[in-house]
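Chemist: Fold the following.
(one chain, ligands or ions: 2)
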Amino acid sequence: MNKTHQNSVAVTRSQKYVREIIPNIRVGHIKSETLSRATARALSTTTQVNKNVAVLGAAGGIGQPLALLLKCNNSVTNVSCFDVNPVTPGVAADLSHIDTKSRVTGFVGSDSATMEEAVRGADVVLIPAGVPRKPGMTRDDLFNTNATIVAQLTAACAKAAPNAVVGIICNPVNSTVPIATEVYKQLGVDASRIYGVTTLDIVRANEFVSVLGSQDPNDVHVPVIGGHAGVTIIPVLSQVQPAGCIDSLNADEISALTERIQNAGTEVVQAKAGGGSATLSMAYAAARFADSVIRAMNGEEVVECAYIKAENLPGVDVDYFSTPLLLGADGRVKENLGLGELNQFEQDLVSAACKQLAGEIKKGVEFAANYKA
Ligand SMILES: NC(=O)C1=CN([C@@H]2O[C@H](COP(=O)(O)OP(=O)(O)OC[C@H]3O[C@@H](n4cnc5c(N)ncnc54)[C@H](O)[C@@H]3O)[C@@H](O)[C@H]2O)C=CC1
Ligand SMILES: O=C([O-])CC(=O)C(=O)O
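Modeler: Numbers count the residues shown, from 1 in each chain. Ligands and ions are numbered 1, 2, ... in the order given. Alright, predicted model coming up:
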């Protein structure tokens with residue numbers, strides 16, 4: 001184990017100054033109709049909840065900006081950065097010079113003891129470790145490499161931080177979340193705090209809809225349900241808020257918008273031309289997910305969509321599915337808000353998604369059955 005850096009500089013700047021430089025992270029949907037997005041943002045930056053967050057894969061394209069955003073979140077007290085890449089101590093040292101509240105610790109190594117040390121004491125663990133796509137690949141093509149990485153890292157979480165919320169970013173999310181859940185089951189640990197992070201799909205849908213509907217993106221909410229790959233990504237455009245903001249779109253335009261949201265990851269992969277997949281928007285989305293979880297831990301009513309084990313979900317015939325979730329103070333789902341009312345077009349999308357999801361879930365479960373945690 002190589003514990004590389006502990007920032008011990010006291011915070012000297014006022015909270016006001018910190019708030020001014022904190023990035024404008026959009027937060028999850030607040031359940032109460034009386035709270036505006038602006039109020040939610042203000043709450044998110046003023047709350048003092050002192051949570052410890054770990055980033056596994058912290059030296060990567062997502063990991064570095066994600067750790068930066070977490071370092072700038074006033075609700076975070078400790079940011080633990082773990083990666084197999086030897087640059088990790090430098091990433092932690094770099095972050096630790098930022099004059100915000102949290103302390104930063106770097107961990108590098110590929111042994112389970114270091115992984116466990118990195119997550120010990122964490123309230124929230126985010127896992128962007130793993131290889132990204134290149135043009136021409138599907139997310140499922142990453143399975144052979146990333147399945148083992150997720151199994152190892154989630155085994156460390158189960159052993160050293162069994163009560164932490166674990167947000168899995170590593171693709172293929174449709175399969176890596178079932179792997180993590182099965183690893184927890186093998187180790188006899190409650191798996192109900194494992195979430196597949198699909199927030200980027202919501203972020204993209206909100207952005208694309210706000211442009212088409214001439215709205216302030218701060219006011220736009222698009223639930224995105226299903227999974228996180230191609231046709232399993234289902235933007236529920238009939239439930240968009242503000243209601244009616246894209247009513248001017250005809251059926252073909254709704255279909256084209258749906259496909260753009262489903263293929264947005266591929267759009268970035270192609271634009272990066274072999275240099276990886278979405279990193280900055282993903283870091284933003286994961287920071288929003290973590291912030292939502294922390295605010296829920298602090299007693300706020302926050303709704304985020306995420307991909308979880310959800311057996312017997314009405315209208316769905318697979319065991320893992322993303323829906324809007326009311327997050328609980330204990331890190332578990334307080335209430336699964338389900339699919340809501342869908343039009344025929346959206347119901348057909350759910351059927352197509354379930355067909356693909358069934359195979360991808362099975363693949364994850366079967367991998368875990370042969371893995372010794
Ligand atoms: N859920 C989502 O919406 C999204 C998921 N992703 C996925 O996130 C993953 C990471 O993407 P990038 O950051 O762009 O890749 P990257 O290659 O830039 O970074 C990955 C990092 O993981 C590290 N790593 C590899 N094995 C590890 C292990 N066993 N323990 C700890 N760290 C390890 C690498 O050293 C590297 O620093 C990919 O699987 C990608 O497909 C990417 C974008 C969106
Ligand atoms: O497309 C990819 O491979 C990365 C990803 O999941 C996304 O950007 O949505």
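
Chemist: secondary structure class for the closest residue to ligand 2 within the stretch 201-350 of the chain?
Modeler: Residue nearest to ligand 2 within the stretch 201-350 of the chain: residue 265 (2.4 Å; CB to the nearest ligand atom). Quick note: C-beta positions are derived from backbone N, CA and C, even for glycine. Of the three states, residue 265 takes helix under DSSP: H, G, I helix; E, B strand; the rest coil.

Chemist: per-residue confidence for it?
Modeler: According to the prediction, residue 265 has pLDDT 98.

Chemist: And it, how far from residue 273?
Modeler: 15 Å (CB to CB, to the nearest Å).

Chemist: And these two? Which one has more around it.
Modeler: Between residue 265 and residue 273, counted using other CB atoms under 10 Å, residue 265 has the larger neighbour count: 24 against 9.

Chemist: Thought residue 279 was touching the more buried one, still the case?
Modeler: No. Between residue 265 and residue 279 there is no contact under CB atoms under 8 Å: 11.5 Å.

Chemist: For the stretch 251-373 of the chain, which residues are neighbours of ligand 1?
Modeler: Neighbours of ligand 1 within the stretch 251-373 of the chain, by CB under 6 Å from any ligand atom: 276-279, 282.

Chemist: Which single residue of the stretch 201-350 of the chain ends up nearest ligand 1?
Modeler: For the stretch 201-350 of the chain, CB to the nearest ligand atom, closest residue to ligand 1: residue 282, 4.0 Å.

Chemist: same question, the stretch 51-200 of the chain
Modeler: residue 60 (2.0 Å).

Chemist: who's in contact with that residue?
Modeler: 83, 85, 128-129, 279 (CB atoms under 8 Å, 6 or more residues apart in numbering).

Chemist: Could you list which of the residues of the stretch 251-373 of the chain next to ligand 1 also contact ligand 2?
Modeler: 277-278.

Chemist: Next step: the residues of the stretch 251-373 of the chain next to ligand 1 restricted to helices.
Modeler: residue 282 (DSSP state H).

Chemist: and residue 37, what pLDDT?
Modeler: pLDDT at residue 37 comes out at 48.

Chemist: scratch that, residue 21
Modeler: Reading off the confidence values, residue 21 has pLDDT 35.

Chemist: again, but for residue 50
Modeler: Predicted confidence (pLDDT) for residue 50: 86.

Chemist: Show me where the stretch 101-250 of the chain has its helices.
Modeler: 112-119, 143-160, 173-186, 199-212 (DSSP state H, counting those that start in this stretch).

Chemist: Kindly compare burial across these and name the winner.
Modeler: Of all these, helix 173-186 has the most neighbours on average by mean count of other CB atoms under 10 Å, namely a mean of 26.

Chemist: how about that one against ligand 2, any contact?
Modeler: No. Using CB under 6 Å from any ligand atom, we find that helix 173-186 stays clear of ligand 2, coming within 7.1 Å at best.

Chemist: by contact count, what packs against that helix?
Modeler: helix 143-160, strand 165-168, strand 194-196, strand 302-309, strand 320-327, helix 344-369 (3 or more CB pairs under 8 Å, 6 or more residues apart in numbering; DSSP states H and E).

Chemist: same thing but at 7 Å, please
Modeler: Packing partners of helix 173-186 (3 or more CB pairs under 7 Å, 6 or more residues apart in numbering; DSSP states H and E): helix 143-160, strand 165-168, strand 194-196, strand 302-309, helix 344-369.

Chemist: Please work out which residues outside the helix or strand containing residue 68 touch it.
Modeler: Taking DSSP states H and E as the criterion, residue 68 maps to helix 63-71. For helix 63-71, contacts defined as CB atoms under 7 Å, 6 or more residues apart in numbering pick out 23, 25, 53, 55, 57-58, 76, 79, 81, 83, 91, 95, 98, 100, 102, 104, 126, 128, 279-280, 283-284, 286-287, 290.

Chemist: Next step: those residues restricted to helices.
Modeler: Counting by DSSP H, these contribute 91, 95, 280, 283-284, 286-287, 290 to helices.

Chemist: just those residues that are near ligand 2?
Modeler: Within the ones in helices among the contacts of helix 63-71, nothing lies near ligand 2 by CB under 6 Å from any ligand atom.

Chemist: Can you tell me which of the residues you listed lies closest to residue 220?
Modeler: residue 284 (15.5 Å; CB to CB).

Chemist: Could you give the number of residues near that closest one?
Modeler: Residues contacting residue 284 under the criterion other CB under 10 Å number 22.

Chemist: Can you select the buried ones from the contacts of helix 63-71 in PyMOL?
Modeler: Burial among these is assessed by 16 or more other CB atoms under 10 Å; the matching PyMOL selection reads:
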select buried, resi 25+53+55+57+58+76+79+81+83+91+95+100+102+104+126+128+279+283+284+286+287+290
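
Chemist: tell me the contacts of residue 308?
Modeler: 195-196, 320, 333.

Chemist: As a markdown table, those with pLDDT would be great.
Modeler: Formatted as a markdown table, the contacts of residue 308 follow (pLDDT from 0 to 100):
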| residue | pLDDT |
| --- | --- |
| 195 | 99 |
| 196 | 99 |
| 320 | 98 |
| 333 | 98 |
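
Chemist: ok so, going back, want to try a markdown table for the helices of the stretch 101-250 of the chain, with mean pLDDT and distance to residue 340 as columns?
Modeler: Converted to a markdown table, these look like this (pLDDT from 0 to 100; distance: least, CB to CB, whole Å):
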| stretch | mean pLDDT | distance to residue 340 |
| --- | --- | --- |
| helix 112-119 | 98 | 35 |
| helix 143-160 | 98 | 30 |
| helix 173-186 | 98 | 21 |
| helix 199-212 | 98 | 14 |
